[in-house]
Each structure stands twice: as C-alpha cells, then as structure tokens.
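Peer 1: got a sequence here, can you build the structure:
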Amino acid sequence: MNLILNFSFVCSIGLIRVATDIAFNNLVQPVPLNRRNIFLPTPAVLSGFGHYLLDLEQIRASPTLQYKNTTVLTNFDCIWRTAVAGVLVEEDYRPIIYPGHICTLVKRGIGGCFGDSGSPLITRNGVVGVVSFGLSCARGAPDILIRVSHYLPWIDRTMAGN
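Peer 2: Okay, the predicted model is just below:
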C-alpha cells in the first residue's frame, strides 16, 4: 500500500494505492467522485466510524458504520455559521474557509467527531467531500470537509501517473 499526499496548511487530501484488487460484492461497492457542480444547499450523507457520544471523556470509535443525512452549505453560509459558533460555542474557534473546502451542518448533536477524518460525504452524484476538520463532535458548528471537485485535476494526474 502506498500513500500519496497533497498536503498544505490550507487543505490536505491523500490517495491510497492498494497492493491487491478490492473484492467488490453486495456490501462493498465503489462510489464515483462527483464531477458535476452541485447546487446548494444540497442533501448529502456523511458516514464514518468516529466517536459517537458527546461525552468527550469517553472517546472511542464506533463499532459500526454511522451515517447522518445532512445538507451541504454554501461557503458563505459556512463562514457565517462558523463565526456564530466562534462566538456562542468556543471563543477561539475561527477557521478560514477556502474554495477547496465544503461544509455541512444539521444541528447541534448531529455531526462529525474524532475518528471521522477521511470519511466520505456523498450526494446522488458521488463523493463530493472528505471529512477534514471542524469544531469536534456536533457542538453546533459546520463540519468542514475537503471539496473533491477542487482537487480533481490533482487526483486525475496522480491516478494516471501511478
């Protein structure tokens, strides 16, 4: 297995080259990368094995795949909601939202958590995002993901060269 990274202080994304073919079946299927513009707000599904309790004293991964139905926000809405969370939830929380980011939010109590980084955000057109960071564990701020479409040229070049 090889790990190929495109890492910066703004956004990070990686690809993994596996040594053997993946055996697809009725439970394991490929999901295409979204290559279309999405119209916002857009319904999506975020899944992962991250921490699933709001009790931060008992951090542990979920034994089963968790998912949430969510909505992809515009970056403007993400910036606004993140600023509000920085005032109401955690004073020092002031991330910068770049064009390479995509954000989701449902409500306090529903969101990504520790261990969800790298998990996919999927719409009916395929994978649109990959969990990156946020104000952890559904504390009322948007989840911030890597916008896959922003990195398609890099993904395509890397896949063609490897």
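
Peer 1: for the rest of this, base every contact and every neighbour count on C-alpha atoms.
Peer 2: Will do.

Peer 1: what residues are up against the spatially most central residue of the chain?
Peer 2: Central residue of the chain (C-alpha atoms, centre = their mean): V131, 2.1 Å from the mean position. Going by C-alpha atoms under 8 Å, 6 or more residues apart in numbering, V131 touches G112, D116, S117, G118, S119, P120, L121, D143, I144, L145, I146.

Peer 1: which of the residues you listed has the most neighbours?
Peer 2: Ranked by neighbour count (other C-alpha atoms under 10 Å), the contacts of V131 have G112 at the top, with 33 neighbours.

Peer 1: quick one: that one and I38, what's the gap?
Peer 2: The gap separating G112 from I38 is 21 Å, by C-alpha to C-alpha, to the nearest Å.

Peer 1: contacts made by the helix of greatest length in the chain with the rest, please.
Peer 2: Assignment by DSSP state H gives helix 75-88 as the longest helix of the chain. Defining contact as C-alpha under 8 Å, 6+ apart, one finds that helix 75-88 is touched by 92-99, 101-104, 140-142.

Peer 1: so which of the residues you listed comes closest to A44?
Peer 2: For those, the minimum distance to A44 (C-alpha to C-alpha) is 8.6 Å, reached by T104.

Peer 1: one step back: possible to save the contacts of V131 as CSV with secondary structure?
Peer 2: Shown next, in CSV, are these (DSSP: H, G, I helix; E, B strand; the rest coil):
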residue, secondary structure
G112, coil
D116, coil
S117, coil
G118, coil
S119, coil
P120, strand
L121, strand
D143, strand
I144, strand
L145, strand
I146, strand
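
Peer 1: could I have the longest helix of the chain exported to CSV, CA atoms only?
Peer 2: C-alpha atoms of helix 75-88 as CSV (Å, rounded to 0.1, in the frame of the first residue of the first chain):
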residue,chain,number,x,y,z
ASN,A,75,-19.2,28.6,1.6
PHE,A,76,-20.7,32.0,2.6
ASP,A,77,-23.2,30.3,4.8
CYS,A,78,-20.4,28.1,6.3
ILE,A,79,-18.3,31.2,7.1
TRP,A,80,-21.3,32.9,8.7
ARG,A,81,-22.3,29.9,10.8
THR,A,82,-18.7,29.2,11.8
ALA,A,83,-18.4,32.8,13.0
VAL,A,84,-21.6,32.4,15.1
ALA,A,85,-20.2,29.2,16.6
GLY,A,86,-17.0,31.0,17.4
VAL,A,87,-19.0,33.5,19.5
LEU,A,88,-21.5,31.1,21.0
